[in-house]
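**Student:** Any chance you could fold what I've pasted below:
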Amino acid sequence: VAYPNDSLDGKVTFIGTSATTATGHQGLSFKVKVLLAKSKIDLRPGMSCRAEIHTRTTHDTLAVPVQAVMYTAADRKRASADSTSGYVFVVDNGHVKKETVTTGISNDKDIAILTGLNAGDKVVTGPYETLHHLKAGDAIKITTQPRGGLSHG
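**Tutor:** Numbering: from 1, shown residues only. Sure, this is the predicted structure:
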């Protein structure tokens, strides 16, 4: 790594329209071209980099872990550029209740909830296979874990 503690500014000039699955990663990747601003760093052909592209930032947003939100095929078809409908399970008197939510921006860990939840609602999280088999009314044991918030998209 030639410049591990230096960063460069640039402007995104191209975003590929087809996603590819990155080897060893769960997410999708898009080819992106960035026009770099002038820099004192000596860049050479063949150098590679790690890029963070911030598309939007939000503060004081109600957010839940990404894995807590479930989607049906119909939910995904109705998705818009800014939001998608899905559902989460919330705890109600020791049982789960299915709540429809509208989601917004997300990062690797958290997803913004635009509608359908209130601050303080206890949202059920866990592996997809566990949540996928839950049904409204199922009994649940509550455990809590400290969490951070949604800081960028």
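
**Student:** end-to-end on stretch 125-134?
**Tutor:** End-to-end distance for stretch 125-134: 11 Å, by C-alpha to C-alpha, to the nearest Å.

**Student:** Quick check: buried residues in that stretch?
**Tutor:** In terms of neighbour count (16 or more other C-beta atoms under 10 Å), stretch 125-134 has its buried residues at 125, 131. All C-beta spots, glycine's among them, are computed from the backbone N, C-alpha and C.

**Student:** Helix or strand with the lowest mean pLDDT in this protein?
**Tutor:** The weakest-scoring helix or strand in the chain, judged by mean pLDDT, DSSP states H and E, is strand 28-29 (a mean of 68).

**Student:** next helix or strand past that one?
**Tutor:** strand 32-36 (DSSP states H and E).

**Student:** after that following strand comes which helix or strand?
**Tutor:** Counting by DSSP H and E, what follows strand 32-36 is strand 63-65.

**Student:** Output the contacting helices and strands for that next one.
**Tutor:** strand 110-115 (3 or more C-beta pairs under 8 Å, 6 or more residues apart in numbering; DSSP states H and E).

**Student:** what helices or strands is the strand it packs on leaning on?
**Tutor:** Using 3+ C-beta pairs under 8 Å, 6+ apart: strand 110-115 touches strand 63-65, strand 95-106.

**Student:** Distance from the chain centre to the first one, please.
**Tutor:** Going back to what we said before, that points to strand 63-65. Distance of strand 63-65 from its chain centroid, counting by C-alpha atoms, centre = their mean, to the nearest Å, is 9 Å.

**Student:** Neighbouring strands of that strand in the sheet, and parallel or not?
**Tutor:** Within its sheet, and counting by DSSP bridges, strand 63-65 is paired with strand 110-115 (antiparallel).

**Student:** mean confidence score for the strand it pairs with?
**Tutor:** Strand 110-115 shows a mean pLDDT of 91.

**Student:** Could you list the buried residues of it?
**Tutor:** Counting neighbours by 16+ other C-beta under 10 Å, one finds that the buried residues in strand 110-115 are 110-114.

**Student:** can you give me the angle it makes with strand 95-106?
**Tutor:** Relative orientation of strand 110-115 and strand 95-106, computed by axes from the mean of the first three to the mean of the last three C-alpha atoms, to 10 degrees: 110 degrees.

**Student:** I am finished for the moment; much appreciated.
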